[in-house]
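[1] structure for the following, please:
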Amino acid sequence: MNAYMNQYQANDVATSSPERLLIMMYDGAIRNVARAELAIEKGERAPKLEAISKAIAIITELSNTLDFEVGGEIAENLDGLYGFMTRELTSANLKNDPEPLKVVTRLLKDLRATWLDAIEAVHKEKAAATRVEERQAANGQRSFAAAY
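    The predicted structure follows:
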């Protein structure tokens, strides 16, 4: 069963849009931070370390994909937030303290929601532009047909 799930996940990643991949990365980071928090509560060191390591890897990848030329100040601010989250995750690991994990979870959830809003706005804008183009094309065809 695990092999089938791994194949499904690999296919999901391979066929997803960049926007969907971004949200999947946030979901993975949030899920791993939650796992780390649960592991701290249960006193389980190895699962805590694994979950924090995975969350840091995801956040590092989010940081690595920032385009500072296009993103400018927003990219710089995100890079700073990702650095802060990495330090908080490291602190939580070293001190066995769930509080920094709660801070990181809030930040990740807020950023995920912001990205979802931005993605939705872009999709609405594209859909509106497509409708305008379709109306213009339909009007152009009518005008052309009326001329004959």
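[2] now do the contacts for Pro98.
    Neighbouring residues of Pro98 by C-beta atoms under 8 Å, 6 or more residues apart in numbering: 37, 40-41, 92. The way it works is simple: take the backbone N, C-alpha and C, and place the C-beta from them, glycine included.
[3] if we use 10 Å, what do you get?
    Pro98 makes contact with 33, 36-41, 48, 92, 105 under the criterion C-beta atoms under 10 Å, 6 or more residues apart in numbering.
[4] so where's the longest helix in the protein?
    Looking across the chain with DSSP state H, the single longest helix is helix 99-146.
[5] list the helices and strands that one packs on?
    Secondary structure elements in contact with helix 99-146, counted by 3 or more C-beta pairs under 10 Å, 6 or more residues apart in numbering; DSSP states H and E, are helix 18-42, helix 45-64, helix 68-95.
[6] redo those helices as CSV? Include distance to Ala113, mean pLDDT and mean neighbour count.
    Listed next are these as CSV, based on distance: least, C-beta to C-beta, whole Å; pLDDT from 0 to 100; neighbours: other C-beta atoms under 10 Å:
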stretch, distance to Ala113, mean pLDDT, mean neighbour count
helix 18-42, 9, 97, 18
helix 45-64, 15, 98, 17
helix 68-95, 14, 97, 15
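[7] make a markdown table out of those helices and add distance to Leu116.
    Compiled in a markdown table, the helices and strands packed on helix 99-146 are given as follows (distance: least, C-beta to C-beta, whole Å):
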| stretch | distance to Leu116 |
| --- | --- |
| helix 18-42 | 7 |
| helix 45-64 | 15 |
| helix 68-95 | 15 |
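[8] one step back: quick one: average pLDDT of the longest helix of the chain?
    Helix 99-146 carries an average pLDDT of 85.
[9] now the angle from it to helix 45-64?
    Counting by axes from the mean of the first three to the mean of the last three C-alpha atoms, to 10 degrees, helix 99-146 lies at 40 degrees to helix 45-64.
[10] I am finished for the moment; much appreciated.
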